[in-house]
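1. mind looking at a prediction? Sequence and model below.
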Amino acid sequence: MPPTMPAPSIRIPMELLNPTAFSQFGTVVVNPATCPSSKLPIPHRIPPPDAVSANQGSATKYLDVTHMSNLYSLAPSKKPAKAVMNMFVCSPRNLRPHEPSMSMPSSWGDLDLDEEDDEIGSYQKQLLDVTILERHPFTTQTFIPMGLSQQDKHTQYLVIVAPTLPASASRRHVGRAPPYPTPHIERKRSVMDIFARARPSPYTNEAAPPVSQFSRLHPSARPKGPGLPDLKNLRAFVATGSQAVTYGAGTWHAPMIVIGERPIDFVVVQFANEVGNEDCQEIVLKPDNTTSEGVMVMVDTDSSGTVQVKAGVGSVKAKL
């Protein structure tokens, strides 16, 4: 059984998925020429990847559109991992009717969660319970939807992510040590070790220590540490069929969630070494004794089934 952690009563508004808003959690793979976020003001825009002409001039090739990381050298077992490609056929999730609540809003704005969004009351307000989060501590994980049109408004998928708490805060939160990856504890170095590692080294011409291997990684792909998810800063993004998403190594996220009328097929690319707790770690979110609900995402749709987005840069009350 996965471990549990107490969950506050909190309702999360949805945001449009775009590279800027998602950058601390991973990368969004999208055509830079047609991506709506390319029209955001410069402070909120991520520079597009480099591009070259390809296929005898008939194609534009964008370079390094996402970042794959294999950090299994840090895993306790030291068992090597290999690249794997799987397919997930994800069915639509069950939603429940909206009910007024004293749940606190998330940290993404002081929205009135029970306010009617239009004059005629045509929006359907529903709730999605978030009961489990997972992470893949030593690998990125890329989800590529298949057969979902960008114009499909009756089926979408949600990308739900949370930052990682410091390990010390996680221990206070649940009264026990968090699951690994545990921090590597370095042994005390002898005087000879200190002299041998001094810079400039007496044995080499190096003037500075080598750059950490992690400094070359995209910030979202660097190790996150052993902390539990920060539920008060959990975010929910709604994606279109033109977007794939890469979770950074160790990023807490919900299993892929489809809402709407039909399943979505995803091709999933990651590394794995077939050691269960190193490939995937889960945490069950259990409402504590003082709350009645737990963590929920607000899913509001209009009469055509189009999701209404309430939060995020440039997207308040925007339609997909």
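-> Yes, it's here. Numbers count the residues shown, from 1 in each chain.
2. so residue 28 makes contact with residue 16?
-> No: when contacts are counted by Cβ atoms under 8 Å, residue 28 is not listed as touching residue 16 (10.5 Å). Using the backbone N, CA and C atoms, a C-beta is placed for each residue, glycine as well.
3. how about the helices in the chain?
-> 19-22, 167-174, 191-196, 276-279 (DSSP state H).
4. now tell me what touches the last one from outside.
-> In other words, helix 276-279. Helix 276-279 is contacted by residues 72, 75-77, 79, 136-139, 179-180, 272-273 when judged by Cβ atoms under 8 Å, 6 or more residues apart in numbering.
5. Serialize the residues you listed to TSV and add fields for pLDDT, neighbour count and distance to residue 248.
-> Output for the contacts of helix 276-279, formatted as TSV (pLDDT from 0 to 100; neighbours: other Cβ atoms under 10 Å; distance: Cβ to Cβ, whole Å):
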residue	pLDDT	neighbour count	distance to residue 248
72	92	22	15
75	91	20	17
76	90	12	20
77	92	11	22
79	95	11	22
136	95	21	10
137	92	24	11
138	93	24	11
139	94	29	10
179	54	18	18
180	49	14	18
272	97	19	16
273	96	19	18
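6. OK, contacts around residue 239?
-> 17, 145, 156-159, 245.
7. how close does the residue nearest to residue 239 when sequence neighbours are not counted get to residue 157?
-> Leaving out its chain neighbours, the residue that sits closest to residue 239 by Cβ to Cβ, 6 or more residues apart in numbering is residue 17, at 4.4 Å. The gap separating residue 17 from residue 157 is 9 Å, by Cβ to Cβ, to the nearest Å.
8. over to residue 259?
-> From residue 259 to residue 157 the distance is 7 Å (Cβ to Cβ).
9. got it, and residue 79?
-> Taking Cβ to Cβ, one finds residue 79 at 32 Å from residue 157.
10. so what touches stretch 74-85?
-> Stretch 74-85 has contacts (Cβ under 8 Å, 6+ apart) with 68, 70, 72, 137-139, 180-182, 184, 223, 267-275, 278.
11. repeat that for 10 Å
-> Stretch 74-85 has contacts (Cβ atoms under 10 Å, 6 or more residues apart in numbering) with 68, 70-73, 137-139, 142, 144, 180-182, 184, 214, 223, 249, 267-275, 277-279.
12. in strands, which of the residues you listed fall?
-> If you go by DSSP state E, the contacts of stretch 74-85 have 142, 144, 267-272 in strands.
13. before we move on, the earlier item: so what sits against both of residue 259 and residue 157?
-> With Cβ under 10 Å, 6+ apart, residue 259 and residue 157 have common neighbours 92-93, 238.
14. top of those by number of neighbours, please.
-> Each of the shared contacts of residue 259 and residue 157 was scored for neighbours by other Cβ atoms under 10 Å, and residue 238 scores highest at 23 neighbours.
15. for that residue, give the beta-bridge partners.
-> Taking DSSP bridges as the rule, residue 238 bridges to residue 16, residue 158.
16. tell me the contacts of it?
-> Contacts of residue 238 by Cβ under 10 Å, 6+ apart are 14-17, 156-159, 257, 259, 297, 299, 307-309, 312, 315, 320.
17. go with 8 Å
-> 14-17, 156-159, 307, 309, 320.
18. neighbours around residue 81, how many?
-> 20.
19. local confidence estimate at it?
-> Note on residue 81: pLDDT of 97.
20. how far away is residue 8 from residue 64?
-> 38 Å.
21. the more surrounded of these two?
-> residue 8 (17 against 10).
22. which residues touch the nearest residue to residue 152 once chain neighbours are set aside?
-> Nearest residue to residue 152, sequence neighbours excluded (Cβ to Cβ, 6+ apart): residue 241, at 5.7 Å. By Cβ under 8 Å, 6+ apart, the residues touching residue 241 are 145, 147-152.
23. quick one: which of these is most hemmed in?
-> Going by other Cβ under 10 Å, residue 145 tops the contacts of residue 241 with 24 neighbours.
24. which residues touch that residue?
-> With Cβ under 8 Å, 6+ apart, residue 145 has these contacts: 157, 239, 241, 243-244, 264-266.
25. who's it bridged to?
-> residue 266.
26. which pLDDT value belongs to it?
-> Here, the pLDDT recorded for residue 145 equals 94.
27. measure it to residue 268 for me?
-> Here the criterion is Cβ to Cβ. By it, residue 145 lies 10 Å from residue 268.
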